[in-house]
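Undergrad: fold the stuff below for me.
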Amino acid sequence: MYRYPVEIIADMYLSKVGGYSYELDRNEIGINRRAIEMNTSIIANETVATLKKFEETRPYFLRRKFIVVGIEENMDCYELTPNGELVLPEDMEGSVEVGESVIVNTVEAFRIDGDYSKVVKAIKWRLENQIRKN
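TA: Have a look, this model is predicted:
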């Protein structure tokens, strides 16, 4: 059994940062492949996720998006994710500290999946209701 990632609500996971790796592209984050299979509904090398630190206030749609990569035993960064910890690309070094807790949000990948038409419709409906009230 792997300690991380822990599902806190549907398609949102809590994990700790295990380290940084040159093996990941700047648009990728890595998690132990077996931990992904056992603890999540994430599809390795397909699922898109955003990260959030607890004190971060950046709006969701402005957050950087990553593809979740399954880290295999033969990769150098495997030792950074023995319990399913998150491995970040080297260009993020310094922005998040090793051992820091982060939220891995995959809701968009599974619920919205690139189709923002319903989101736009909901925003327009809300604005129209606000205008009518005033």
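
Undergrad: show me which strand runs longest in the chain.
TA: Across the chain, the strand with the greatest residue count (assigned by DSSP state E) is strand 12-21.

Undergrad: which of the residues in that strand are buried?
TA: Judged by neighbour count (16 or more other C-beta atoms under 10 Å), strand 12-21 contains these buried residues: 12, 13, 15, 16, 17, 18, 19, 20, 21. Bear in mind the C-beta positions are built from the backbone N, C-alpha and C, glycine included.

Undergrad: following element in sequence after that strand, please.
TA: Remark: after strand 12-21, the chain's next helix or strand is strand 28-32, criterion DSSP states H and E.

Undergrad: other residues contacting that following strand?
TA: 2, 4-5, 15, 21, 23-24, 42, 49, 51, 66-71, 75, 77-78, 81-89, 104 (C-beta atoms under 8 Å, 6 or more residues apart in numbering).

Undergrad: hmm, try it at 7 Å
TA: Residues from elsewhere that reach strand 28-32 (C-beta atoms under 7 Å, 6 or more residues apart in numbering): 2, 5, 21, 24, 49, 66-71, 77, 81, 84, 86-89.

Undergrad: and the buried ones among those residues, selectable in PyMOL?
TA: The buried subset of the contacts of strand 28-32, as determined by 16+ other C-beta under 10 Å, is captured in PyMOL by this line:
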select buried, resi 2+5+21+24+49+66+67+68+69+70+71+77+81+84+86+87+88+89
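
Undergrad: so which of the contacts of strand 28-32 are in strands?
TA: Short answer: these in strands (DSSP E) are 21, 49, 66, 67, 68, 69, 70, 71, 86, 87, 88, 89.

Undergrad: isn't the fourth one up against residue 48?
TA: Yes. Applying C-beta atoms under 7 Å as the test, residue 67 and residue 48 come out as touching, 6.0 Å apart.

Undergrad: which neighbours do those two have in common?
TA: With C-beta under 7 Å, 6+ apart, residue 67 and residue 48 have no common neighbours.
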